[in-house]
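>>> kindly return the folded structure for what I paste below:
(2 chains)
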Protein chains: 2
Amino acid sequence: MQKQVKYEQAIKTKYPEQVVIAIAKDKEGKANPVTLGWTMIVSGEPAMMAIAVAKGHYSAKTIRHSKCFTISFPSSDMAEAALFFGSRSGRDTDKFAEFKCRVEPAKKIDSVLLYDAVANFECKLEWQKAAGDHIIFVGRIIASHVNTKHKKRLYTLAPSHRMGPAGK
Amino acid sequence: MQKQVKYEQAIKTKYPEQVVIAIAKDKEGKANPVTLGWTMIVSGEPAMMAIAVAKGHYSAKTIRHSKCFTISFPSSDMAEAALFFGSRSGRDTDKFAEFKCRVEPAKKIDSVLLYDAVANFECKLEWQKAAGDHIIFVGRIIASHVNTKHKKRLYTLAPSHRMGPAGK
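Residues are numbered from 1 along each chain as shown, chains lettered A, B, ... in the order given. Predicted coordinates:
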């Protein structure tokens, strides 16, 4: 049976929520990672994914500038990196310099991949459109990578950014 | 370490993937539920969610017609309903008539809520835009509901629609 409640209460039922790290370079060539829970696949053929990035955030600026981005699925042991990349702004921080996290160059776009992630998807920006206080960026996937070792994805398990594997 | 592979292989790392059931009425007033994994929150203030629905599918037609839809988080014991609603077309099936599933009227839009779901969100269609072989529908949430009992969300755990709770 359903009971009407405020949105803020109802949305607490969303967990576990997937975590991705989106990466794009700014105009100085600095790769800027940002942690996001608001992402989905949007097309099978051609393969496309979407992310929702807060308006005015530096990450939105880097994607608009470089017109391409990586979507990385961090592994369940990357909670600390995900928390760091999600809580700082690239406007005043070189996140990859401050938080050591192995990267390697992307193959088809001017971005980087996360060496220890479960998977990395190289995306070319297809379109963007505002939705409320965020911007939806849709990317066409032009190269895909997986970790040579078996890894589990990282999820947010509960409010206050408690993260870990979804299945224990 | 990353290894480049085909997209089809890389995307198999996505599990567990959240499941939602979107519901909209067609022009005969028949409520049509469809099971989707491709969904995300897109805005906090105002609260908005997006879903990606295959072009040409009956569900896309019902949303375009009624300009509103429910996003329901099915509970972990609703795998059978989710599978049924995701594998039939509303064009030739009255899914709620064929698969018994308790519903109740939505409060603010002309749609229904799933009585046994973890949560239900009533959405007014804000905008829609094609992305590859799907259409992204963005809805503004105007009413939210939760189950009076504690329930776990349903996830797809592996390919071939194996569904259940994410955490065992």
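
>>> surely residue A:33 forms part of a strand?
Yes: secondary structure of residue A:33, determined by DSSP: H, G, I helix; E, B strand; the rest coil: located in a strand.

>>> now do the contacts for it.
A:21-23, A:72, A:85, A:90, A:95-96, A:101, A:114 (C-beta atoms under 8 Å, 6 or more residues apart in numbering or on different chains). Every residue, glycine included, has its C-beta placed from N, CA and C.

>>> residue contacts, residue A:148?
Here residue A:148 is in contact with B:1-3 (C-beta under 8 Å, 6+ apart).

>>> let's see which of the contacts of residue A:33 end up in helices.
A:85, A:95-96 (DSSP state H).

>>> most neighbours among the residues you listed, which one is it?
residue A:85 (28 neighbours; other C-beta atoms under 10 Å in any protein chain shown).

>>> now residue A:155. Nearest residue, chain neighbours left out?
Leaving aside its chain neighbours, residue A:155 sits nearest to residue A:16 (3.8 Å; criterion: C-beta to C-beta, 6 or more residues apart in numbering or on different chains).

>>> can you lay out the ones in helices among the contacts of residue A:33 as CSV showing distance to chain B?
Shown next, in CSV, are the ones in helices among the contacts of residue A:33 (distance: C-beta to the nearest C-beta, whole Å):
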residue, distance to chain B
A:85, 18
A:95, 19
A:96, 16
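
>>> return the member of these nearest to residue A:129.
Nearest to residue A:129 out of the ones in helices among the contacts of residue A:33 is residue A:85 (C-beta to C-beta; 24.4 Å).

>>> what's near enough to touch the closest one?
A:21, A:33-35, A:95, A:99.

>>> cutoff 6 Å now
When contacts are counted by C-beta atoms under 6 Å, 6 or more residues apart in numbering or on different chains, residue A:85 touches A:21, A:33-35, A:95.

>>> in three-state terms, label residue A:82 for me.
From three-state DSSP, the assignment for residue A:82 is helix.

>>> that one and residue A:72 touch, don't they?
No: between residue A:82 and residue A:72 no contact is recorded; they are 9.9 Å apart, counting by C-beta atoms under 6 Å.

>>> so which residues on chain A come close to chain B?
Residues of chain A lying near chain B by C-beta under 6 Å from any C-beta of the partner chain: A:1-5, A:7, A:10, A:13, A:16, A:38-48, A:52, A:73, A:113, A:118-120, A:131-134, A:136, A:138, A:141, A:144-146, A:148, A:166.

>>> most centrally placed residue in chain A?
residue A:21 (2.8 Å; C-alpha atoms, centre = their mean).

>>> what bridges to the closest residue to that residue other than its chain neighbours?
Excluding the flanking residues, the one nearest residue A:21 by C-beta to C-beta, 6+ apart is residue A:72, at 4.5 Å. Beta bridges link residue A:72 to residue A:21, residue A:120 when assigned by DSSP bridges.

>>> now do the contacts for residue A:72.
With contact set as C-beta under 6 Å, 6+ apart, residue A:72 has these partners: A:21, A:114, A:117, A:120.

>>> next one: the second one, what pLDDT does it get?
Read that as residue A:114. For residue A:114, the pLDDT comes out at 98.

>>> residue A:23 versus that one, what's the distance?
8 Å (C-beta to C-beta, to the nearest Å).

>>> comparing the two, which residue is more hemmed in?
residue A:23 (30 against 27).

>>> show me which of the ones in helices among the contacts of residue A:33 is closest to residue B:125.
Nearest member of those to residue B:125, counting by C-beta to C-beta, is residue A:85, at 33.2 Å.

>>> give the rounded mean pLDDT of stretch A:119-131.
Per-residue scores along stretch A:119-131 average to 98.

>>> check which helices and strands the helix or strand residue A:144 falls within sits against.
According to DSSP states H and E, residue A:144 maps onto strand A:134-147. Contacts defined by 3 or more C-beta pairs under 6 Å, 6 or more residues apart in numbering or on different chains; DSSP states H and E place strand A:134-147 against strand A:48-54, strand A:119-131, strand B:2-5, helix B:7-10, strand B:39-43.

>>> what's the following helix or strand after it?
Trace forward from strand A:134-147 with DSSP H and E and the next one is strand A:155-158.

>>> okay, buried residues for that following strand please.
Buried residues in strand A:155-158, defined by neighbour count with 16 or more other C-beta atoms under 10 Å in any protein chain shown: A:155-157.

>>> cool, stretch A:6-13 as well?
Quick answer for stretch A:6-13 (16+ other C-beta under 10 Å): A:7, A:10-11, A:13.

>>> show me which of the contacts of residue A:148 are buried.
If we count by 16+ other C-beta under 10 Å, the contacts of residue A:148 have these buried: residue B:2.

>>> just give me the least confident of the contacts of residue A:148.
residue B:1 (94).
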